[in-house]
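Chemist: Mind folding the following:
(2 chains)
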Amino acid sequence: MNKSLVHIADLSKIYPGAIESPEAGRGTYAIQDLNLQIEAGEFVAIVGRSGSGKTTLLNILGGLDRDYEGQVFIADQNLAKMDDVELSKMRNQTIGFVFQAFHLLPQLTVFENVLLPSRFSDYSDTEIFQQRAQIALARTGLLHRASSLPTSLSAGERQRVAIARAILNRPPILLCDEPTGNLDAETGQLVLDLFMELCENDGTTLIIATHEQRVSKAASRKVVLEAGRLVDNGGKA
Amino acid sequence: MIWQARVDMIKGAISKSRRHFAFSLVGLVVGASTLAFFLALSNGVQERVLNRLYPVNQVEFQAETVGLFGLGMEVPTKMDVATLTALEKLEGVTSVYPKQRAKFQARLWGGADVLGRDARVESFFDGIEPALIADELRQAEAAVLGPEILDLPCEQDSACGIGGKCSDGFCTRPTWWNRFADLGATAWCDNDDNCPVGMSCLAGRCRVSCDERCGEGQACEAGACVPICRNDSECNMGAVCLVSKGICEQLQCRLDDANDQLANDINRQRGTVVAPSLRAGQPCPEGTYCAAKNLALVHGTCEAPIPALISPFLLEVYNSMVATALGLKRLGGLQVVLGVNFAILFGESYFVADGPITERVVRRAKVVGFSPKAMEFGVTVPLPYVVRANAAQRGRQASAEYTSVVVETRHNEDVPMLVQDAKVLGLTLAPKSEEGRKAANVLLILTIVFAVVSLVILAISAINIAHTFMMLVTERRMEIAIYRSVGATLNDIRLLFLGEAAILGLVGGSLGVLLAWVMGIVVNAMAASVFAHIPGSPESLFSFNLYIVLVAIACAIIFALAGAWLPARSAAKTDPAMVLSQG
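Modeler: Have a look, this model is predicted:
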């Protein structure tokens, strides 16, 4: 039984080399022997250079990447022992993703994009989901754009739609990969304020991979990765 | 994931890729329409042509012919009562109906009431068991004349018009089908050899001989079984009840030119002198006529006309060929032939010399029904008439052998085994049944060939669908990855693509069936103009039913799913982490 919401033990991820040989080894380490615990309600910034393993770590935490060694627990569930249905349910209920490139579906309206997780939910009460979507859009300040298509929105607005989508099912964890990377400073700050509000008011655990000092400074804890190794866990044992 | 969400996503995906799907649809529509077209054609030909000519669950046998060693001749083996008894015991046989063909020459004369003048033709006769076609006659009659019970309340028969009856408070129309039965006529004889097996010549008529006892409803009178009665209504038409004896007796009569126009015409042509007097000064009762033993005699008994059936095919041939060639009036529907009177002249022919006058007999007949089972170019009468006539004209032996036998089986699948078993009894398929089997086999082979062609078209369309879906999967990798990131399972992704394929198959199959139906209408219209003058050509060559519609749509769906199967698997294998990272 782990007390931490997120518990990572001896995590390694290897991208296989083109040729496996004694000299080349098994391939390239994206993450190597990483141990990390994150408590509920923490705002953790994962920083490091490009290729340091930040995105890989988020993908593993989100159950999108299952090819790793070591153990990863989310809310006491060992991801390695979960099947596809359980992992998908976790992505639907426990985790929300926010990406640098927003990843909205262009053919759907803002409202439909926000509702997307409800399509893969086991619950069929559409009214509740619609209410939640309205609340999520209201919190991100985009309720007035509900019927617009994503292509008519600015970059900041798109990212806020993506955040509304991520919080539709009120997940306890948000995994964000460079969420302000494509935004100007002003818009980035708006998005960052939104994350902080979610963390402070809802107790959402934020795990944000970022290059930006502004984000890492705002975080309650900064975790530094270098070439897949944890070089600073932000002062935690 | 709930089904409504799945359906919404499938609808959205189809609407987004309309062009791709429309392209994939073409193959499915062509394949499904080909399949539905040929299945409906096969079904239509089976139902409207083959089943009409060769009834289901029914097969006709005739005696096998055997070669006479060294003589180069073939003679048929015998088919008698013993053969029929053995046939009845075979596996799957439910009923056996012997048929006997007239084995003597005959001419037919009459039809003036509908043709405008009398037709005179060489005639051929078949005798058939009335029980074999009673139901069919009733149905065919109802199809032409409407239901037997009319929507006309009544209290007595007079309220129901000529021939109508009041039954249970409603009028019933006159019926014809129940008149096709043995009424006992045509049974004169000189000796026992003029009578069928089991009958003896007693007082100049063939009768079932007896010592003391007869069957139910009969009494032994002067060595013959005769019907018992209490009044005239219990006797056959033309017979009266001799109340003192309690038995029926045919009324004696003399041919009379004032009473019987047809007999009068025939006799006048021959120069026969007919005295204008009748038994006790009374004409034969209504519905009967005076039938003499042979043309040499003017005395006879009152008889009801022989009930006869004709084939609808004969009417079609008449309308399409004979009426045109001979300048005669075309006849309308089948109902016009009901009640038509004609005379049969036994022992006469247009092709060979007439027999001696003492062997020539005139009988009246009346058309009481029509059936595809009736002889196509001739007249079909109840079997006992032909048996008695054959005995009278050709002797007892001729009446003891049947020409063919119609066998009804429990299931159509029993027929092949029955054919094998019947061979042991010296029976072979009658030409019509043999044709039916061959035609059914040809139809089956053609149906299979065209079904395979249709399935090949569908298979090609499945390959096309596979290609299109593979392209769509590549195009929609990001969409798939986004779905995975918000909680879609592998199965959700697979079902998304398979659902799209199923909808494609459903739409393609439905459009295909619709197209086949339209093509059927076009082909029918073309066939109608080409085959208009061919008798017996059906109104429609196609028969669409729910089974065909479902098979065509199901095949389209199955092939669409088969085409989308690998792409759907490939979609589910999309690595969301990699796709989302690539942005």
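
Chemist: State the three-state secondary structure for the most centrally placed residue in chain A.
Modeler: The centre of chain A sits closest to residue A:175, judged by CA atoms, centre = their mean, with a distance of 1.3 Å. Under DSSP: H, G, I helix; E, B strand; the rest coil, residue A:175 falls in the strand class.

Chemist: contacting residues around it?
Modeler: A:58, A:61-62, A:95-98, A:207 (CB atoms under 8 Å, 6 or more residues apart in numbering or on different chains). Glycine gets a C-beta too; all of them are placed from N, C-alpha and C.

Chemist: Switch those residues over to JSON lines; also include distance to residue B:91, neighbour count and pLDDT.
Modeler: Putting those into JSON lines (distance: CB to CB, whole Å; neighbours: other CB atoms under 10 Å in any protein chain shown; pLDDT from 0 to 100) gives the following:
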{"residue": "A:58", "distance to residue B:91": "77", "neighbour count": "26", "pLDDT": "93"}
{"residue": "A:61", "distance to residue B:91": "75", "neighbour count": "22", "pLDDT": "93"}
{"residue": "A:62", "distance to residue B:91": "71", "neighbour count": "26", "pLDDT": "92"}
{"residue": "A:95", "distance to residue B:91": "72", "neighbour count": "27", "pLDDT": "93"}
{"residue": "A:96", "distance to residue B:91": "74", "neighbour count": "29", "pLDDT": "93"}
{"residue": "A:97", "distance to residue B:91": "73", "neighbour count": "27", "pLDDT": "92"}
{"residue": "A:98", "distance to residue B:91": "78", "neighbour count": "25", "pLDDT": "92"}
{"residue": "A:207", "distance to residue B:91": "80", "neighbour count": "27", "pLDDT": "95"}
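
Chemist: Residue A:221: which of these is nearest?
Modeler: Closest approach between the contacts of residue A:175 and residue A:221, by CB to CB: residue A:207, at 9.9 Å.

Chemist: From residue B:284, how far off is that closest one?
Modeler: 114 Å (CB to CB, to the nearest Å).

Chemist: ok, and what's touching stretch A:159-166?
Modeler: Taking CB under 8 Å, 6+ apart as the rule, stretch A:159-166 contacts A:96-99, A:102-104, A:110, A:113-114, A:116-117, A:133, A:136-137, A:139-142, A:145, A:150, A:153, A:174, A:179-180, A:182-183, A:187, A:190-191, A:194-195, B:486.

Chemist: Select from those every entry located in strands.
Modeler: A:96-98, A:174 (DSSP state E).

Chemist: Nearest to residue B:494 among the residues you listed?
Modeler: When the ones in strands among the contacts of stretch A:159-166 are compared against residue B:494 (criterion: CB to CB), the nearest one is residue A:97, at 21.8 Å.

Chemist: so who does the residue nearest to the closest one when sequence neighbours are not counted touch?
Modeler: Of all residues not flanking residue A:97 in the chain, residue B:485 sits nearest, at 4.8 Å (CB to CB, 6 or more residues apart in numbering or on different chains). Taking CB under 8 Å, 6+ apart, we find residue B:485 in contact with A:62, A:64, A:91, A:97, A:103, B:576, B:580.

Chemist: Give me the helix or strand of chain B that scores worst on average pLDDT.
Modeler: When the helices and strands of chain B are scored by mean pLDDT, DSSP states H and E, helix B:261-270 comes last with a mean of 56.

Chemist: re earlier: now which of the contacts of residue B:485 would you call buried?
Modeler: When the contacts of residue B:485 are checked for burial by 16 or more other CB atoms under 10 Å in any protein chain shown, the buried set is A:62, A:64, A:91, A:97, A:103, B:576, B:580.
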